[in-house]
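Peer 1: Predicted model and sequence below, questions to follow.
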Amino acid sequence: MKATFLLISDNAALRTRLRELLRMTFTDAEVNEHDPVKEGWLGEDVDWRCHNLVFLDYGIEGDSGMDWFKVLRARQGFPAAVIFSGQADPEIAVKAIKAGAENYLACNSMNAEKLRAMITEILPELESRDVPSAANEPATKPKEKPQKPQSGSRVIRLPAKKSVVGRWPSIEGYKMIKQIGRGGMSTVYLAERGTDNRTVVIKMLSAALVDNKKSVIRSNQEFKLISRIDNPHIVRLYEHGTLGEVMYTVMEYFPGGDLKQRLREGGVDQGKALSCLYQIAKGLNAIHGCGIIHRDLKPGNIMFREDGSLAIIDFGISKDINSSLDLTNPDQVMGTPNYMAPEQGKGLCKPDARSDLYSLGVMLYEMLTGKKPYAASTGAAIIYKHLHDPVPQLPNRYYELQAVIDKTMAKFPQQRFNSAYDLLQFLDNDLRMDLLLGPVHTF
């Protein structure tokens, strides 16, 4: 049989490395590639029977590959899959196997022989195939006429810009404009509210996750937590309901994009970094005052309005400290390694408001320097650095702000600001934000 493989990754270098290994191993194999960030995620209409084996990158959009594996695995006809990453990471390997992947591979330590052994163990029917060598190839080969791919033989991609009218969900009172995002947990649409023509965002929980009781409870919890807060630096949630078997939340639309995008486009100068720091601290002061801890504060969760003001979004793994309900397992690491407080990474103690302040300190450092404070090839290695490496030092030109980094990124919670309110007081009274920034704390 002729093997057909599908590589799903937003990392071109990893795709190239794996493609070359596959073609060395099975020279006549068909290797298809898909970049979900540039091309959109694969829709329900993909004929998975066209592929013998799928290779899915764990690190898509940071670390959401496993979320997408769980969604794709529920699709009809989804084939065997291997989760991969650049560097070897035992934690990812365990997660992959537990989630139902056939195996895990690290691209940078893989060779053709190892890859062949792995694939033939998954697909024994390929074992009898000899690996063609240069010595067995004819001196000259007739040129083959390029053939048009047969229907269903290639990857069917989601249109990046083209509308698929009629396939979008219909919610009474809202006019769907376009799909603007898709992740492992949900699909996001831009819509117009009929009562006032306001542009809104509708986030719909993936159908594959609706049967997951924790996912449903978490979605309900997010709306319950945030809808009770009236603060300009917290996302506004308008409505929460169900559409058949799908859950949805209607929320504020942010035309200015997120902080992650702005950092990618060239960084943030000192004035804008301080503006972000001040506004985020005000948002944290509001949620902490209501007994809520965010637990996943990062640039992708900081959104901008048209007037330059910002708001914190995505409270899906937040914790209400006044409630006994916690949807995370005791040994489960929640958050994003690059922005995670040490106590979150290793469970040294329960995260509290000071854990969010640590994440804010990491973002301030990244905004000022253009890089993350701790770099490593795996999430586990980054968590280790958060636990053991010294608090990062800012360049000399930002010496006045080093005290903020020291008091937000201290290794132990008791060494940090006690609250977002204390941080705001320090910014106003000790650091004199009015002199550094001026009276307008917006972009």
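Peer 2: Everything's here; your move.

Peer 1: okay, CA-based contacts and neighbour counts for the rest of this
Peer 2: Will do.

Peer 1: would you list every one of the helices in the stretch 201-350 of the chain?
Peer 2: Ranges of helices in the stretch 201-350 of the chain, per DSSP state H, counting those that start in this stretch, are 207-210, 213-226, 259-264, 270-289, 342-346.

Peer 1: Can I get the last one as PDB, trimmed to CA atoms?
Peer 2: The one in question is helix 342-346. This file holds the C-alpha atoms of helix 342-346, laid out as PDB (Å, rounded to 0.1, in the frame of the first residue of the first chain):
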ATOM      1  CA  PRO A 342       6.100  29.000  40.800                       C
ATOM      2  CA  GLU A 343       3.300  27.800  43.100                       C
ATOM      3  CA  GLN A 344       1.100  27.000  40.100                       C
ATOM      4  CA  GLY A 345       3.800  25.000  38.400                       C
ATOM      5  CA  LYS A 346       4.600  22.700  41.200                       C
END
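
Peer 1: For that helix, which helices and strands make contact with it?
Peer 2: helix 379-388 (3 or more CA pairs under 8 Å, 6 or more residues apart in numbering; DSSP states H and E).

Peer 1: And the helix it packs on, what's buried?
Peer 2: 379-380, 382-387 (16 or more other CA atoms under 10 Å).

Peer 1: Tell me how many other residues crowd the closest residue to Met340 other than its chain neighbours.
Peer 2: Computed as CA to CA, 6 or more residues apart in numbering, the closest residue to Met340 that is not its neighbour in sequence is Ser359, at 6.0 Å. When neighbours are counted by other CA atoms under 10 Å, Ser359 registers 24.

Peer 1: Export the buried residues of helix 379-388 as JSON lines, with columns for pLDDT.
Peer 2: Formatted as JSON lines, the buried residues of helix 379-388 follow (pLDDT from 0 to 100):
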{"residue": "Gly379", "pLDDT": "76"}
{"residue": "Ala380", "pLDDT": "80"}
{"residue": "Ile382", "pLDDT": "87"}
{"residue": "Ile383", "pLDDT": "87"}
{"residue": "Tyr384", "pLDDT": "90"}
{"residue": "Lys385", "pLDDT": "93"}
{"residue": "His386", "pLDDT": "94"}
{"residue": "Leu387", "pLDDT": "92"}
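
Peer 1: Please, which helix or strand holds Tyr189?
Peer 2: strand 186-193 (DSSP states H and E).

Peer 1: hang on, the earlier thing: just give me the closest of the buried residues of helix 379-388 to Asp28.
Peer 2: Gly379 (35.7 Å; CA to CA).

Peer 1: Hmm, the closest one is touching Met340, no?
Peer 2: No: if you go by CA atoms under 8 Å, Gly379 and Met340 don't touch, sitting 10.3 Å apart.

Peer 1: which stretches of this structure aren't confidently modelled?
Peer 2: 1, 62-63, 90, 127-167, 182-185, 206-219, 245, 316-335, 347-349, 432-443 (pLDDT under 70).

Peer 1: For it, which segments are assigned as strands?
Peer 2: Taking DSSP state E as the criterion, the chain carries its strands at 4-8, 30-34, 53-57, 80-85, 103-106, 174-182, 186-193, 199-205, 237-243, 246-252, 292-293, 302-304, 310-312, 319-320.

Peer 1: With mean neighbour count as extra columns, can I get these in JSON lines?
Peer 2: Formatted as JSON lines, the strands of the chain follow (neighbours: other CA atoms under 10 Å):
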{"stretch": "strand 4-8", "mean neighbour count": "21"}
{"stretch": "strand 30-34", "mean neighbour count": "19"}
{"stretch": "strand 53-57", "mean neighbour count": "24"}
{"stretch": "strand 80-85", "mean neighbour count": "24"}
{"stretch": "strand 103-106", "mean neighbour count": "22"}
{"stretch": "strand 174-182", "mean neighbour count": "17"}
{"stretch": "strand 186-193", "mean neighbour count": "18"}
{"stretch": "strand 199-205", "mean neighbour count": "23"}
{"stretch": "strand 237-243", "mean neighbour count": "15"}
{"stretch": "strand 246-252", "mean neighbour count": "20"}
{"stretch": "strand 292-293", "mean neighbour count": "22"}
{"stretch": "strand 302-304", "mean neighbour count": "22"}
{"stretch": "strand 310-312", "mean neighbour count": "25"}
{"stretch": "strand 319-320", "mean neighbour count": "21"}
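
Peer 1: Of all those, which one is nearest Lys372?
Peer 2: strand 302-304 (16.3 Å).

Peer 1: Can you name every helix or strand that that closest one contacts?
Peer 2: In terms of contacts (3+ CA pairs under 8 Å, 6+ apart), strand 302-304 is packed against helix 259-264, strand 310-312.

Peer 1: Is it possible to get JSON lines of those that adds distance to Lys298?
Peer 2: Below are these laid out as JSON lines (distance: least, CA to CA, whole Å):
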{"stretch": "helix 259-264", "distance to Lys298": "8"}
{"stretch": "strand 310-312", "distance to Lys298": "9"}
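
Peer 1: Right, I'll call it a day here.
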